[in-house]
Structure formats: C-alpha cells, structure tokens
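> take this sequence and fold it.
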Amino acid sequence: MNWILLIIGGLFEVGFATCLGKAKESSGVTATIWMGGFLVCLTISMVLLYKATQTLPIGTAYAVWTGIGAVGTVLVGIFIFKEPADFWRVFFITTLIASIIGLKFVSSH
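The predicted structure follows:
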C-alpha cells in the first residue's frame, strides 16, 4: 500500500511542477490559480511521501519519489510545454525509469 501512496505522491510532484510552469506562462488571476494548484499538489505530495516513509526506507522512498517527479516532469515538458525530445534526453529518462524500477525490486519492503 505504501508503494501506491509513494507513486501517487510522485504524480502530485509532477502536478506541482506543471503548475509552476503554467503559472510562469500566465499572469494575474490565472497565475494565482496555478500557484494555488502548486500549493495543493505540493502539500499532497509531501504528505504522501511522509506516509510512505513510515514503512519504506527513506533513501529508497525519496529516490523513487523524486524519480517519478523527474520523469513525469520531463514528459510534461515534452508533451505540454513543447520542450525538445532528442535521443539523449529520451535515453537518460529511460535509464532513470529503469533505476526507479530497480530500486522497487531491491527494496526490502
């Protein structure tokens, strides 16, 4: 169950990074709404990370959480913010995904 909470927390990390990007592109009330979304996603993400670390090793949980956030944010950057998706970028994201999966399998919990 805590692995599921950790994954969801990582997805909310993607959410807060996405909200930051959208706030940067916006102004006025729209930017304020995106910043509100940032704060909500940040809070949920941190609470879920905290809950997951109640039974998972902190080093593994944090690495997986940040890895999910990094991979998800790069994908959001490519698909929503039209950032480049060159070979090396995709290659290293793939190796990061493999590392996250590896940490899950070698974890003692």
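
> which residue is nearest the middle of this protein?
residue 69 (1.7 Å; C-alpha atoms, centre = their mean).

> restricting to C-alpha, output the helix or strand where that one lies in CSV.
Using DSSP states H and E, residue 69 falls within helix 58-79. In CSV, the C-alpha atoms belonging to helix 58-79 read as follows (Å, rounded to 0.1, in the frame of the first residue of the first chain):
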residue,chain,number,x,y,z
ILE,A,58,13.7,6.8,3.4
GLY,A,59,16.5,6.6,0.9
THR,A,60,14.6,4.4,-1.4
ALA,A,61,11.3,6.2,-1.0
TYR,A,62,12.9,9.6,-1.7
ALA,A,63,14.8,8.4,-4.7
VAL,A,64,11.6,6.8,-6.2
TRP,A,65,9.5,9.9,-5.4
THR,A,66,12.0,12.3,-7.0
GLY,A,67,12.5,9.9,-9.9
ILE,A,68,8.8,9.7,-10.6
GLY,A,69,8.6,13.5,-10.4
ALA,A,70,11.6,14.0,-12.7
VAL,A,71,10.4,11.5,-15.3
GLY,A,72,6.9,12.9,-15.2
THR,A,73,8.0,16.5,-15.3
VAL,A,74,10.3,15.8,-18.4
LEU,A,75,7.3,14.1,-20.1
VAL,A,76,5.0,17.0,-19.3
GLY,A,77,7.8,19.4,-20.6
ILE,A,78,7.9,17.5,-23.9
PHE,A,79,4.2,17.0,-24.4
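
> which residues in this structure form helices?
According to DSSP state H, the chain carries its helices in the segments 2-25, 28-52, 58-79, 87-106.

> as JSON lines, these with mean pLDDT would be great.
Shown next, in JSON lines, are these (pLDDT from 0 to 100):
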{"stretch": "helix 2-25", "mean pLDDT": "97"}
{"stretch": "helix 28-52", "mean pLDDT": "98"}
{"stretch": "helix 58-79", "mean pLDDT": "94"}
{"stretch": "helix 87-106", "mean pLDDT": "90"}
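
> ok, now which residue in this structure is the farthest from the centroid?
Distance from the C-alpha centroid of the chain peaks at residue 28, with 26.3 Å (C-alpha atoms, centre = their mean).
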